[in-house]
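Enquirer: could you look at this predicted model? Sequence included:
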Amino acid sequence: SLGFLHLKLDHLAESEALVARENTRNDLRQMRMVSADAYQQMRQILAALMPTHSTEFIKMLRNQSNMIAQRGSFQLQIVERGKSSTLSPLLQQQILFICSEALTNVTKHANASSAKIELFWQQNQLSIAITDDGSGFDLSDMPASYGLRVMKERAAQINSVLLIESQPGQGTSIRIQIPR
């Protein structure tokens, strides 16, 4: 299991014979981080499949997002507006995946110093904006992106609209409108 892998990597990282070599030490640290992230993601997926209160969903979103921001070395702000309400497990799961993919793209491609997730709770919908101050890109000049395609597919599965706005040098904005 991922938990066992994480424990074994911790044990190996403390082994004097292995950590004496700098490359091995760095590889073990990176593997520990990846296994910890995978373990946390799996726990969040399982938690998202169970009915829960909106406060627990927000906590999961914050934990997941802060972990990605820390790994990507950018500042993250999460802002809620309006009165939160309970979301179905499917909505929670898809929103977590979309936000995770958007922030992973910030880490991989944007060279951003900061990002922001804004949740606008309204009576009939939840609107989410994920923005960054990174390098941006030209939407018309971009080859098909697996991450962007998956975000759009996930949004469609929950009858939502996902909009992407970006320009070179001006960051990126991803907006999703989710009916409730």
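Expert: Looks like it came in fine.
Enquirer: show me the contacts for residue 67.
Expert: Applying CB atoms under 8 Å, 6 or more residues apart in numbering, we find residue 67 in contact with 37, 40. For glycine as for every other residue, the C-beta is placed from the backbone atoms N, C-alpha and C.
Enquirer: helix or strand for it, which one?
Expert: Assessed by DSSP states H and E, residue 67 sits inside helix 54-72.
Enquirer: note down every partner strand of the very next helix or strand once past that helix and its orientation.
Expert: Per DSSP H and E, helix 54-72 leads on to strand 75-81 as the next helix or strand towards the C-terminus. As defined by DSSP bridges, the strand partners of strand 75-81 come to strand 114-121 (parallel).
Enquirer: and the contacts of the partner strand?
Expert: If you take CB under 8 Å, 6+ apart as the criterion, strand 114-121 is touched by 58, 61, 65, 69, 74-85, 99, 103, 106, 126-134.
Enquirer: okay, buried residues for the helix holding residue 67 please.
Expert: Buried residues in helix 54-72, counted by 16 or more other CB atoms under 10 Å: 54, 57, 60-61, 64-65, 67-69, 72.
Enquirer: mean confidence score for it?
Expert: Helix 54-72 shows a mean pLDDT of 87.
Enquirer: and the pLDDT at the spatially closest residue to residue 115 that is not a sequence neighbour?
Expert: Nearest non-adjacent residue to residue 115, counting by CB to CB, 6 or more residues apart in numbering: residue 132, 4.2 Å away. Among the per-residue scores, residue 132 holds a pLDDT of 98.
Enquirer: could you do residue 88 as well?
Expert: Residue 88 carries a pLDDT value of 86.
Enquirer: now the element after the lowest-mean-pLDDT helix or strand in the chain, going C-ward?
Expert: For the chain, using mean pLDDT, DSSP states H and E, the weakest element among its helices and strands is helix 16-19, scoring a mean of 62. Counting by DSSP H and E, the next helix or strand C-terminal to helix 16-19 is helix 22-48.
Enquirer: show me what that following helix is packed against.
Expert: If contacts are counted by 3 or more CB pairs under 8 Å, 6 or more residues apart in numbering; DSSP states H and E, helix 22-48 sits against helix 2-13, helix 16-19, helix 54-72, helix 89-105.
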